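In: what follows is a predicted protein model with its sequence.
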Amino acid sequence: MKQLQEEILRLKKEKDICILAHSYQAHEILEIADFVGDSYRLSALAQEARQQTVVMCGVRFMAETVKILSPEKTVLLAHPDAGCPMAEQLDAETVLQLKRQYPDCTVVAYINTTAELKTVCDVCVTSSSAVKIVKKLPNDKILFIPDINLGTYVQSQCEAAGVHKQFYFVRGGCPTHAKMTARDVEKAKAAHPDALLLVHPECLPEVVSQADFVGSTADIQRFAKQSDAKEFIIGTENSIAEHLQYDCPEKRFHVLSKDLICPNMKLTTLPDVRNVLLGTFGEEIRLDGEVITAARHCIDEMLRLGG
Ligand code: 13P
Ligand code: SF4
């Protein structure tokens with residue numbers, strides 16, 4: 001593995017290619033990446049990379065976001081089959097229908113959506129920026145798509161802060177996080193009674209309501225590192241528990257469930273990354289100019305309000 005990593009490091013230097021990796025990627029991929037982060041950080045970094053070619057080790061909507069923000073760059077999705085099922089749950093036509101049904105709403109789209117869908121939305125959010133951005137929106141009527149769990153969490157945080165808005169949802173969400181139930185929490189807490197429970201807001205409300213901390217992948221990692229506690233149950237993709245265990249060997253990290261695995265995030269392997277750099281694998285993201293212009297508006301709004 002070391003040899004393959006060295007080859008990747010040499011190739012990316014020779015070819016002047018930037019590798020971005022979402023934190024759900026395997027540890028060995030994070031080690032060869034130029035930048036690692038949650039969806040918000042990867043979006044913000046997309047424009048900063050000085051290289052002309054960017055490889056995204058993550059899922060399709062993340063590579064599309066880089067392309068939308070840097071249309072002049074060559075953006076490669078490391079594994080062509082790595083999609084996010086949530087991003088496929090709604091299409092632009094359905095959102096246009098919803099807009100006719102709720103004409104007074106600001107349409108807030110989770111970034112886990114296709115570029116095409118973003119063309120008909122008002123603002124994007126990520127799990128780390130959603131509460132902050134929705135609180136700042138002047139409109140008190142919000143159509144939140146597609147993740148009903150994240151939307152419900154944002155609503156509860158707005159209410160708790162005295163920001164009263166009317167929310168409308170559609171029934172979408174992450175199939176991986178939504179698999180977790182109160183029963184999983186009960187079992188994990190029984191097995192590790194002294195551990196703090198840290199969860200992603202894509203989980204069901206019955207899971208989120210029992211958490212000691214709720215946040216994005218990056219927020220969860222920051223919280224665990226800064227906390228004085230020694231033991232944690234990690235309620236997001238299991239790679240985060242593994243990364244934390246590398247970073248904090250003196251603490252203990254347990255997974256909420258062995259089923260908390262995103263199969264799409266797990267598709268990309270080190271040999272795939274090497275082959276992308278050699279030009280024999282991966283997919284170049286190509287988006288219509290009009291889609292880029294129309295979709296960019298809601299990502300720019302996200303970066304403006306969330307920055
Ligand atoms: P983050 O914004 O926390 O990185 O979430 C990305 C994601 O796909 C979670 O399932
Ligand atoms: Fe999509 Fe869920 Fe995988 Fe994140 S964990 S990429 S939301 S399927």
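Out: Done, it's in. Numbering: from 1, shown residues only. Ligands and ions are numbered 1, 2, ... in the order given.

In: for the residue nearest the centre of the chain, give its distance to S257.
Out: Most central in the chain under CA atoms, centre = their mean is S39, positioned 4.1 Å from the mean C-alpha point. S39 sits 22 Å away from S257, going by CB to CB, to the nearest Å. Where you see a C-beta, it was placed from the backbone N, CA and C, and this is true even at glycine.

In: what's around T176, how many residues?
Out: 24 (other CB atoms under 10 Å).

In: got the phi/psi numbers for it?
Out: phi -70, psi -50 (degrees, to the nearest 10).

In: surely V273 and H79 touch.
Out: No: the pair V273 and H79 fails to qualify as a contact (CB atoms under 8 Å) at a distance of 9.1 Å.

In: which parts of the chain are strands?
Out: Listed in chain order, the strands of the chain (DSSP state E) span 17-22, 35-37, 53-57, 74-77, 106-110, 123-125, 141-145, 166-169, 196-199, 213-214, 231-235, 252-255, 283-284.

In: give the contact list for the nearest residue to R296 once chain neighbours are set aside.
Out: The shortest distance from R296 to any non-neighbouring residue, by CB to CB, 6 or more residues apart in numbering, is to I68 (5.2 Å). By CB atoms under 8 Å, 6 or more residues apart in numbering, I68 lies in contact with A115, K118, L287, I292, A295, R296, I299.

In: residues from the protein in reach of ligand 1?
Out: Taking CB under 6 Å from any ligand atom as the contact definition, the chain meets ligand 1 at D38, S39, Y40, N112, T126, S127, S128, C174, H200, E202, S216, T217.

In: give me the number of residues near the fifth one?
Out: Using other CB under 10 Å, T126 has 24 neighbouring residues.

In: counting neighbours, go ahead and name the busier of V273 and H79.
Out: Using other CB under 10 Å as the criterion, V273 and H79 rank with V273 on top: 30 against 23.

In: now do the contacts for the more buried one.
Out: Going by CB under 8 Å, 6+ apart, V273 touches I8, I19, I29, I32, V55, C57, A78.

In: of all the residues you listed, which comes closest to ligand 2?
Out: Set against ligand 2, the nearest of the contacts of V273 by CB to the nearest ligand atom is C57 (12.3 Å).

In: how about that closest one: what's its closest non-neighbour residue?
Out: A21 (4.2 Å).

In: show me what the one you found is bridged to.
Out: Assessed by DSSP bridges, A21 has beta-bridge partners V36, C57.

In: ok, back up a step: which of the residues of the chain next to ligand 1 are buried, as a ChimeraX select command?
Out: Remark: buried members of these, expressed as a ChimeraX selection using 16 or more other CB atoms under 10 Å:
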select :38,39,40,112,126,127,128,174,200,202,216,217
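
In: my read: the residue nearest to the centre of the chain touches I111, true?
Out: Yes: at 5.2 Å, S39 and I111 qualify as touching, with contact defined as CB under 8 Å.

In: overlap in contacts, those two.
Out: With CB under 8 Å, 6+ apart as the test, S39 and I111 both reach T65, T126.

In: let me have the residues of the chain next to ligand 1 in a markdown table, adding distance to I233 as columns.
Out: Below are the residues of the chain next to ligand 1 laid out as a markdown table (distance: CB to CB, whole Å):
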| residue | distance to I233 |
| --- | --- |
| D38 | 19 |
| S39 | 23 |
| Y40 | 24 |
| N112 | 24 |
| T126 | 23 |
| S127 | 18 |
| S128 | 20 |
| C174 | 18 |
| H200 | 12 |
| E202 | 16 |
| S216 | 17 |
| T217 | 15 |
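
In: report the entries of the residues of the chain next to ligand 1 that also contact ligand 2.
Out: Residues of those in contact with ligand 2 (CB under 6 Å from any ligand atom): N112, C174, E202.

In: okay, those in CSV with distance to D212 and pLDDT next?
Out: Shown next, in CSV, are those (distance: CB to CB, whole Å; pLDDT from 0 to 100):
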residue, distance to D212, pLDDT
N112, 25, 96
C174, 21, 98
E202, 17, 98
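
In: nearest to ligand 2 among the residues you listed?
Out: Ligand 2 lies nearest to C174 out of those, by CB to the nearest ligand atom, at 3.2 Å.

In: around ligand 2, pick out the residues from this protein.
Out: 59, 84-86, 112, 174, 176-177, 202, 237, 262, 264-265.

In: count of neighbours near K99?
Out: Neighbours of K99 using other CB under 10 Å come to 16.

In: V120 is in contact with that one, correct?
Out: Yes: using CB under 8 Å, K99 is in contact with V120, at 7.1 Å.
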